[in-house]
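>>> No sequence on hand, only this structure:
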């Protein structure tokens, strides 16, 4: 079974059901290549999330 970037991003933002999250966490723990992909996505997204959190609400479209 291939894990998509969308699945990894969902894991990052805690969007999966608990059983799906647990299954993906187990895969990440035993698959170093998948864990590296996850780390890369997390490192890419983290600055964007932090930047958006710092913006005033009016600039975020809220």
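Alright, I've got the coordinates. Computed from a predicted structure; not experimentally measured.
>>> so who does the most centrally placed residue in the chain touch?
The residue lying closest to the centre of the chain (CA atoms, centre = their mean) is residue 12, at 2.4 Å. Under the criterion of CB atoms under 8 Å, 6 or more residues apart in numbering, the neighbours of residue 12 are 38, 41-42, 45. Any C-beta I mention is one placed from the backbone N, CA and C, and that applies to glycine too.
>>> change it to 7 Å
When the contact criterion is CB atoms under 7 Å, 6 or more residues apart in numbering, the partners of residue 12 are 41-42, 45.
>>> Including neighbour count, could those residues go into CSV?
Putting these into CSV (neighbours: other CB atoms under 10 Å) gives the following:
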residue, neighbour count
41, 15
42, 14
45, 14
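>>> These in helices, which ones?
41-42, 45 (DSSP state H).
>>> Output the below-cut-off pLDDT ranges for this protein.
Applying pLDDT under 70 to the chain flags residues 50-62.
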